[in-house]
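Chemist: how would this look folded up:
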Amino acid sequence: MNLKKKNVLTVLLVIVIVVIIGIIGYLGYELINRTIKEGNSQEITDEFDSQIPTITEEELAELEQQQNENGEGGEQGENGGNGGSTENGGNGANSGNGGGSSSNRRSRSSSSSKSSGITIDGYSVVGTIRIPATGIKYSIFASPTPKALERGVGLVYTENGLNEPGNSVIAGHNYRNRLFFSKNKNLVVGNLIYIKDVTGVERTYQIYNKFVTNSQDASFYQRNTNGGREITLSTCTDQGTKTGERLIIFASEV
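Modeler: The predicted model follows:
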């Protein structure tokens, strides 16, 4: 083999090595970056679950009933204290305080789901979303800022509050990997989505429609749900950053 051919082969070999190193470096960076984002997202979701344990609708109703009963008992106790003798009045006041403290220990209200959420690591978190079909669980942020959407998904519109009658629109990034709403394209009609709000109740929704539209289309935000609870998931298609296409999913409570 002459010298010229050897030089060409050497150059080609160097190019191949550089390309391989570049690919390995890129894949390594993507893996590390994804792992960091997953870890940061998981921390917020875990903290939300620790502060707001999941309960059933029946348990929430019992808590609300107990809260109301304790509140009435406290008021009656204070009234009894004011109207009775010194001894009875003291007991009445104590009874009222006891009712109030019990209420504070277990205070949860269904109206809380319409609030701005609880603050975790500087973010207002209004709930979590869990989709078994794609294996994700993320926090839902009240303000879908660019920074927040690097750690979860955002509530971009709600008619009456998350998990309340009406429609709520939740948006998330599509990084064409397993993060956030990247795998929404794999969801099909009939798949289940679970939304937990700040009351601790987790409601079940079932997908009934899936379509592609453009980034300017918000016509489906305010839609007639006939008094039912619905959610909408919004994300870019795989080519959405170039075309402006959005993948939209409708789901209603079951």
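Chemist: hey, let's count contacts and neighbours off CA atoms from now on
Modeler: Will do.
Chemist: give the contact list for the closest residue to residue 182 other than its chain neighbours.
Modeler: Nearest residue to residue 182, sequence neighbours excluded (Cα to Cα, 6 or more residues apart in numbering): residue 174, at 4.0 Å. Taking Cα atoms under 8 Å, 6 or more residues apart in numbering as the criterion, residue 174 is in contact with 180, 181, 182, 183, 235, 236, 237, 238.
Chemist: Confirm that residue 60 sits in a strand.
Modeler: No. Checked against DSSP: H, G, I helix; E, B strand; the rest coil, residue 60 lies outside a strand; its state is helix.
Chemist: Can you get me a residue count around it?
Modeler: 18 (other Cα atoms under 10 Å).
Chemist: quick one: it and residue 144, what's the gap?
Modeler: 28 Å (Cα to Cα, to the nearest Å).
Chemist: same question for stretch 4-14, mean pLDDT?
Modeler: The average pLDDT within stretch 4-14 is 74.
Chemist: Quick check: buried residues in it?
Modeler: Neighbour-count burial for stretch 4-14, counted by 16 or more other Cα atoms under 10 Å, picks out no residue.
Chemist: which SS class is residue 16?
Modeler: Looking at residue 16 with three-state DSSP, the answer is helix.
Chemist: Repeat that for residue 13.
Modeler: Going by three-state DSSP: residue 13 is helix.
Chemist: Look up how far residue 4 lies from it.
Modeler: 14 Å.
Chemist: Just give me the neighbour total for residue 210.
Modeler: Residue 210 has 17 nearby residues by other Cα under 10 Å.
Chemist: Retrieve the pLDDT associated with the residue lying closest to residue 205 once chain neighbours are set aside.
Modeler: Counting by Cα to Cα, 6+ apart, residue 205 lies nearest to residue 253, which is 4.1 Å off, once chain neighbours are set aside. Note for residue 253: predicted pLDDT of 97.
Chemist: So in terms of bridging, what pairs with the residue nearest to residue 182?
Modeler: Under DSSP bridges, the beta-bridge partners of residue 174 are residue 180.
Chemist: how near is it to residue 129?
Modeler: 16 Å.
Chemist: Surely residue 227 is in contact with residue 167?
Modeler: No. Residue 227 is not in contact with residue 167 according to Cα atoms under 8 Å; the separation is 9.6 Å.
Chemist: Looking at these two, which is more packed in?
Modeler: residue 167 (28 against 10).
Chemist: Buried residues of stretch 221-239, list them for me.
Modeler: 221, 229, 230, 231, 232, 233, 234, 235, 236, 237, 238.
Chemist: swap in stretch 60-68?
Modeler: 60, 63, 64, 66, 67.
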